[in-house]
Each structure stands twice: as C-alpha cells, then as structure tokens.
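Engineer: Sequence plus the predicted model coming up.
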Amino acid sequence: MIIHSSAPTRVDLAGGTIDIPPLFLFHEGAATVNFAVSLLAKCTIEKRTDAKIIIESVDRGVSFEVPRDSIASLKDEPRLELLSKLIHFFKPETGFHMITDSQAPAGAGLAGSSTLAIACIGALNKLVGDRYAPERYIPIAANVECQVIKVPTGFQDYYSAQYGGTAAIHLGAAGIEREALEVDTRKLEERVAVIYTGEPRNSGTNNWDITKRHIDGDRELFNIFEQIRDGAVQLRSALLESRWEFVGSILAAAHAVRQRLSPNITTPHMDALIDKALANGALAAKVCGAGGGGCIAFFCEDGRRSEVESALAGEPGVNLLSCNVNQAGLEITVSE
C-alpha cells in the first residue's frame, strides 16, 4: 500500500499571534484571516514487508531508520523530531517508509511545520486504518507540535492546511470556528505578491515571551492585541465586500501595529525591500509568520503586482514565489 498526502501552506493576512492559547480568551471577538497557497507539504508512506521504519525528509536531506520494535525511541528522537513524535503517537504496527517534502523555503514563515504535521497526520491515520475522525487532526497536530517546540502554538495554520481556501478563524471561550470567506479569489491573487527574502526566519517575534508578558498584565501589550483583533475583523469585512483599497489601508495599519509588538519583526534587508515595493506599486507589506526573516506578502495597487515583482526580482536573496490560492486543503490518495 502506498499513501500520498499533501496540504497547503498559507499567507497570514491579519490576526497572527492572537491565535495562541490562552491569549484569544482575553480579547472578545478574536480572529485571524489567512489564505492557503499552492506551496505544498507532501508526505508519502509505503508499507514494507519487513519490520523497518524509515523516515526521510527530502527538503532537509535527512534520513534514518529504526526497527519497528524500537518505535518507543521515537518519542525522544532529535532527528526529524516532528515526524518522529507523530509516528510515536500513531504507533503503526507495520514497517513503512515515510518520505516528506516541503515546497516552501525553509524558515519562510508560511506555516511549513504546521502544514507538514497535517499532511503527515492524514497519511499516518490512513496507515493505521482511519483511527481518528478528520476533526481530530488539528488538536493532534497542535498538541504534538507543542511537544516539539515546548511552548503553546497558534491554531490558525492548521485550519488553512486542512481545509484550504480563504478563511477567518474565530477564537473564543466556546472554542475555535473556521469561517470560509467567499472572496474574489482572482482579484486576491492579482493583488498579492509574495517573496522569500533570502533570510530564514529567526524568531523575529518571541511568541512565548509575548504570551508571558500578556498574562503578567502588560497593559500596552494588551492594547496592541486589541488592535490586532480589530484589524482582523475589519479585514474580514473588507474582503467579503471586495473593498480592495480598504484592504490595503488595513494591512498598512496592521504592519505598524505588529512593529510595536516586536521591533525585530523586520531586518534591515526586509525594511529595504518593503521601501522599494512601496515605491513601485505596493500599498502595504505583511511580514509572514513571526518575522525576523522569511517571506513578505505585498498587497499591490490594482494592476501593479508585476511592477512590484520586477522591482524586487533583482535584489540580493529575493525569490518570487508563485502563490495561487489553494482551495483543496488536505488531500489523501491510496494505491495498492
């Protein structure tokens, strides 16, 4: 049996960081807005007739194997730690070869690890006979990734990976709810340019430090999160109403708010790229993920995306990414 699974990465437009528990519980109406993109995380599992478990990451160039009866050792395996912990969680009773590959650059801030978790969970769950219903995938992914990074993780990334499309993720005391947003996908794609800066993300925002400061009662931080929440709510409405110029204004204001959240969200190289994009047709910049490197999404004036991309294409380290909206989410196929 061969199992193929894939899940899309995402561009986060608004509300990032507020999706980390328990932060959203202190901001009524908390939400994030993102859209899934065509850069995929892929997982292939092929059953073996022997008792070997082989784990291989193509994009990281790492591969190793363990005997099936040593699966308990994967709980604390430092190599390919996320994959190892997921296999330990599912505990398949057969030998197999797992191969993963990510199309997003390393440290891109496009939720690569969370997306990979969803892709692997889909494949592993199929390997063990559909042990869990699909609605259990996201809690499993969040819990196992928390074991890897050893701090709470935000939830929005798992929803884009599993369900695709453009969505608002609403977070509150009653739980987390995904709202699919019916937006003009063609217009969104025409107006958003995504680049990889050439600098891998280096924890521009220390989410655990921010979480602790928030819980300890930092009033300025609380007010910043209120503005992050408000920006996400406004952006949801603007997208639904196709008020594209307002989208640009919201994203520009949100960038300034996130710079107050952390002065390290951009590097000097990123600042120079943002200035150049703004001078050539971009209305706003959205640093993807935690910042400090990785990708930047630019919301462009109508018809000027190509100008923005041309202006940035020759800059050192810059890679233009093709990021069409992915509507499919997690996909799993099985062949004998």
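Structural biologist: Happy to help now that I have it. Numbering: from 1, shown residues only.
Engineer: which of the residues in stretch 57-75 are buried?
Structural biologist: With burial defined by 16 or more other C-beta atoms under 10 Å, the residues of stretch 57-75 counted as buried are 57, 59, 66, 68, 71, 74. Quick note: C-beta positions are derived from backbone N, CA and C, even for glycine.
Engineer: how far away is the nearest residue to the fifth one once chain neighbours are set aside from residue 50?
Structural biologist: What sits nearest to residue 71 in space, not counting adjacent residues and going by C-beta to C-beta, 6 or more residues apart in numbering, is residue 91, at 5.9 Å. Residue 91 sits 18 Å away from residue 50, taking C-beta to C-beta, to the nearest Å as the criterion.
Engineer: ok, now residue 336?
Structural biologist: 18 Å.
Engineer: between the two, which one's more packed in?
Structural biologist: residue 50 (9 against 5; other C-beta atoms under 10 Å).
Engineer: Run through the residues that contact residue 276.
Structural biologist: Residue 276 sits next to 311, 312, 315 when contact means C-beta atoms under 8 Å, 6 or more residues apart in numbering.
Engineer: Quick check, residue 297 in contact with residue 282.
Structural biologist: No: if you go by C-beta atoms under 8 Å, residue 297 and residue 282 don't touch, sitting 9.8 Å apart.
Engineer: Who has more neighbours out of the two?
Structural biologist: Shown here are residue 297 and residue 282; by other C-beta under 10 Å, residue 282 has more neighbours (31 against 24).
Engineer: what's across from the more buried one in the sheet?
Structural biologist: residue 300 (DSSP bridges).
Engineer: tell me the contacts of the residue nearest the centre of the chain?
Structural biologist: Centroid-nearest residue in the chain: residue 111, 2.2 Å away (criterion: C-alpha atoms, centre = their mean). By C-beta under 8 Å, 6+ apart, residue 111 lies in contact with 9, 10, 12, 157, 160, 161, 289.
Engineer: Just those: which are in helices?
Structural biologist: Under the assignment DSSP state H, these contribute 157, 160, 161 to helices.
Engineer: now those residues in JSON lines, with distance to residue 36, pLDDT and neighbour count?
Structural biologist: Formatted as JSON lines, the ones in helices among the contacts of residue 111 follow (distance: C-beta to C-beta, whole Å; pLDDT from 0 to 100; neighbours: other C-beta atoms under 10 Å):
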{"residue": "157", "distance to residue 36": "10", "pLDDT": "96", "neighbour count": "31"}
{"residue": "160", "distance to residue 36": "4", "pLDDT": "98", "neighbour count": "31"}
{"residue": "161", "distance to residue 36": "7", "pLDDT": "98", "neighbour count": "32"}
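Engineer: want to try CSV for these, with distance to residue 185 as columns?
Structural biologist: Shown next, in CSV, are those (distance: C-beta to C-beta, whole Å):
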residue, distance to residue 185
157, 20
160, 14
161, 18
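Engineer: hang on, the earlier thing: just the buried residues of the contacts of residue 276.
Structural biologist: Buried members of those, counted by 16+ other C-beta under 10 Å: 311, 312.
Engineer: Out of the contacts of residue 276, the closest to residue 271 would be?
Structural biologist: residue 315 (12.2 Å; C-beta to C-beta).
Engineer: so how far is residue 298 from the residue lying closest to the closest one once chain neighbours are set aside?
Structural biologist: Residue nearest to residue 315 in three dimensions, not counting chain neighbours: residue 273, with 6.1 Å by C-beta to C-beta, 6+ apart. Shown here: residue 273 relative to residue 298, a distance of 9 Å by C-beta to C-beta.
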